[in-house]
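Q: I would like the atomic coordinates for the input below:
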Amino acid sequence: MIFRVLFFIVVSVFITCVAVCDSEETKRKVDQFEMVARTGILDGTQYTREEIEKAILKTRGDDTSNPVAVSESYRNAVVNGFDVYGDKYKLPKMLFVGMGLKESEFRTDKEGKLGEKGILQVGKMGRRRCASECGKFSSDPGVQICHGYCWFSKIQQSCDGSVKQGLSGYASGDCVAKSIETKKAVRRRYRLWGWLHIKLERTF
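A: Numbers count the residues shown, from 1 in each chain. This is a model prediction of the structure:
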């Protein structure tokens, strides 16, 4: 009896430790990823179409209220958008997948408080300036994602060309994150990119 009790205690401790250690290990890897990503040396366009779909399903695949989970054609359009325009604009695909998750949960009908619209929450100026490259902003997932990449690219080019300043400009309009809120937003996007990268079992 005593042996059985001790056995269950050991097993319980082991399971708890695995869960905690895994969480801490993931956090450590995300910390490392963030430091590397901020240097700007990660290309970010190397993710495959299959990996983009896997990341989307891993985060929203069980949400039956979300069109990426229940509609294969919708999901394909979203995956294709992140893949094709990531290549076109040479921007980190999984960073943008994370932004789509954070900004709208990949929903085309999402609207922000300041008039931002769509999967990547593009503002009025961005929608206007990217219409010539992406077509008129609409409910089409590919068009919306194109607008997000396009607008980010324009902001990035007007700053110093770095992803870090592009993120700051996309979030606040300023190339350099000045407010605590903007700094937190930039960091959240780096870390979500890192988390997705690690869950795909990629190294860096």
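Q: name the nearest residue to the residue nearest the centre of the chain, sequence neighbours excluded.
A: By CA atoms, centre = their mean, the chain has its centre lying nearest to residue 98, at 0.9 Å. Excluding the flanking residues, the one nearest residue 98 by CB to CB, 6 or more residues apart in numbering is residue 192, at 3.7 Å. (C-beta placed from N, C-alpha, C; glycine too.)
Q: look up which helix or strand residue 176 falls in, please.
A: Under the criterion of DSSP states H and E, residue 176 resides outside all helices and strands.
Q: contacting residues for the residue nearest to the centre of the chain?
A: Neighbour list for residue 98: 189, 192, 193, 195, 196 [criterion: CB atoms under 8 Å, 6 or more residues apart in numbering].
Q: narrow the residues you listed to those in helices?
A: Counted as lying in helices by DSSP state H, out of the contacts of residue 98, are 189, 192, 193, 195, 196.
Q: how about a markdown table for these, with pLDDT added?
A: A markdown table is the format used below for those (pLDDT from 0 to 100):
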| residue | pLDDT |
| --- | --- |
| 189 | 96 |
| 192 | 95 |
| 193 | 95 |
| 195 | 94 |
| 196 | 94 |
